[in-house]
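[1] Kindly return the folded structure for what I paste below:
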Amino acid sequence: MATRIKTKTLAAVPQSKNDCAQSIRLLGDLQREFERERAAMNDAIGAITQQHQPKLSDLQQRIEALQGGVQAWCEAHRTELCGEGDKLGKTANLVTGEVSWRQRPPSVSIRGADTVLETLLRMGLGRFVRVKNEPNKEAMLNEPEAVRGIAGINIVTGVEDFIVVPFEAQAEGA
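    Got it, this is the predicted structure:
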């Protein structure tokens, strides 16, 4: 049984220094064309957005006004819609749609985290403070011999990237 090896399909490989220079020029041409096409696309998106924005804003205001009115009426008639006491429901069907009330789960909001941390620790409430232990990669790069041989740690060195930068003139805006 033959083993098939997948490789990247390469374009024609330049055969001389002159061919390589021509390929770099073509690469620059293609990159600039790509950017022009992307700019044209973004211009079109901007124009379409601007064209539709007034109508969308108007519709959003009308939606919010209707929702506010529906909510006000439903709040005033909640017992009629959902029952009361032990039989209090959370959803009411109104033929053209339904309304429902949902209790959000509890959440914690913290402003001034540094002050809150100091206060919690000062009051002996350290159980509410999370201490995060994580490997210090910078220290490992400074002392690679100390961590050599430890499973799960690999110091990667000597990786070389190949970069092609076609020349182009830079225009400065006024």
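[2] just so I have it, where are all the helices in this protein?
    Taking DSSP state H as the criterion, the chain contains helices spanning 17-76, 78-82, 113-122, 137-142, 144-147.
[3] and the residue most central in space within the chain, what is it in contact with?
    To find the centre residue of the chain, average its C-alpha atoms and take the closest one (Cα atoms, centre = their mean): that gives N42, at 19.5 Å. Residues counted as contacts of N42 (Cβ atoms under 8 Å, 6 or more residues apart in numbering): none. Just so you know, the C-beta spots here come from the backbone N, C-alpha and C atoms, and that holds for glycine as well.
[4] and it, what pLDDT?
    Reported pLDDT at N42 in the predicted model: 97.
[5] quick one: buried residues of stretch 40-56?
    Neighbour-count burial for stretch 40-56, with 16 or more other Cβ atoms under 10 Å as criterion, is recorded at no position.
[6] Same question for stretch 15-33.
    So for stretch 15-33, counting by 16+ other Cβ under 10 Å, buried means S23.
[7] What lies in contact with that stretch?
    P14, V164, P166, F167, E168.
[8] What lies in contact with stretch 129-149?
    With Cβ under 8 Å, 6+ apart as the test, stretch 129-149 has contacts from L117, L120, L121, I153, I155.
[9] Out of these, the closest to Q50 would be?
    Each of the contacts of stretch 129-149 was scored against Q50 by Cβ to Cβ, and L117 proved nearest at 46.2 Å.
[10] okay, now the closest one: neighbour count?
    Neighbouring residues of L117 were enumerated by other Cβ atoms under 10 Å; the total is 15.
[11] For it, which residues are in contact?
    V129.
[12] Quick check: pLDDT value at it.
    Here, the pLDDT recorded for L117 equals 94.
[13] is it possible to export the contacts of stretch 129-149 to TSV including distance to Q51?
    Compiled in TSV, the contacts of stretch 129-149 are given as follows (distance: Cβ to Cβ, whole Å):
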residue	distance to Q51
L117	50
L120	53
L121	56
I153	56
I155	55
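[14] Let me know the closest of these to R36.
    Minimum separation from R36 among the contacts of stretch 129-149 (Cβ to Cβ) is found for I155, which lies at 43.0 Å.
[15] Quick check: that closest one vs A139, distance?
    To A139, I155 is 12 Å away according to Cβ to Cβ, to the nearest Å.
[16] same question, D114
    D114 sits at a distance of 25 Å from A139 (criterion: Cβ to Cβ).
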